[in-house]
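In: below is the sequence, then the predicted model.
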Amino acid sequence: MAVDELDTRILRLLLEQPRTSAREYARILGVARGTLQARLDRLERDGVITGTGPSLSPAALGHPVLAFVHIEVTQGHLDEVGDALAGVPEIIEAFSITGGGDLLTRVVARDNAHLEDVIQQLIQLPGVVRTRTEVALRERVPHRLLPLVESIGRSPRAAR
């Protein structure tokens with residue numbers, strides 16, 4: 001989907017000022033409220049905007065330890081292991097991957113002992129062969145999409 005300069009400005013406002021009303025967004029952007037709403041509807045319909053909920057901090061919720069756990073799975077069991085991962089509340093993301101493993105999970109924990117308990121729970125899932133864990137020390141670049149949106153909005157392809 002092509003994202004033009006107005007879309008980029010809308011997305012920037014949504015990311016920087018998520019609690020502002022549509023009426024205020026339209027005023028800031030200098031466009032009619034109907035124009036803004038049509039753009040928002042299209043961005044949602046095209047899957048660019050996927051949600052409007054708050055961003056939550058696992059650390060503030062008492063889970064400051066972040067680890068990436070690679071999981072190797074017995075052939076033919078990827079779907080069932082993936083489904084079982086959804087039942088582990090400390091797993092906040094999981095992806096099928098290529099390379100040195102089958103699944104990559106993002107896991108949060110209260111402390112290192114809790115992380116070990118979660119890993120032991122994963123190892124016991126039917127179809128899991130082994131795990132490899134990497135503990136994050138410090139976040140260097142927080143999750144962000146605005147630089148990507150802005151680069152797409154500036155690209156010559158977006159002008160089409």
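Out: Perfect, I can see it now.
In: once you drop chain neighbours, what's closest to the residue sitting furthest away from the middle of the chain?
Out: Within the chain, Ala32 marks the point farthest from the mean C-alpha position, 31.3 Å out by Cα atoms, centre = their mean. Spatial nearest neighbour of Ala32, excluding adjacent residues (Cβ to Cβ, 6 or more residues apart in numbering): Ala26 at 6.5 Å. C-betas here are computed from N, CA, C, even on glycine.
In: next one: His114
Out: Excluding the flanking residues, the one nearest His114 by Cβ to Cβ, 6+ apart is Val65, at 7.2 Å.
In: contacts only, for that neighbour.
Out: Applying Cβ atoms under 8 Å, 6 or more residues apart in numbering, we find Val65 in contact with Val108, Ala109, Arg110, Asp111, Asn112, His114, Leu115, Val135.
In: do that again at 7 Å, thanks
Out: Under the criterion of Cβ atoms under 7 Å, 6 or more residues apart in numbering, the neighbours of Val65 are Val108, Ala109, Arg110, Asp111, Asn112, Leu115, Val135.
In: so how far is the host helix or strand of Phe95 from its chain's centroid?
Out: Here Phe95 sits within strand 91-96, counting by DSSP states H and E. Between the centre of strand 91-96 and the centre of its chain there are 10 Å (Cα atoms, centre = their mean, to the nearest Å).
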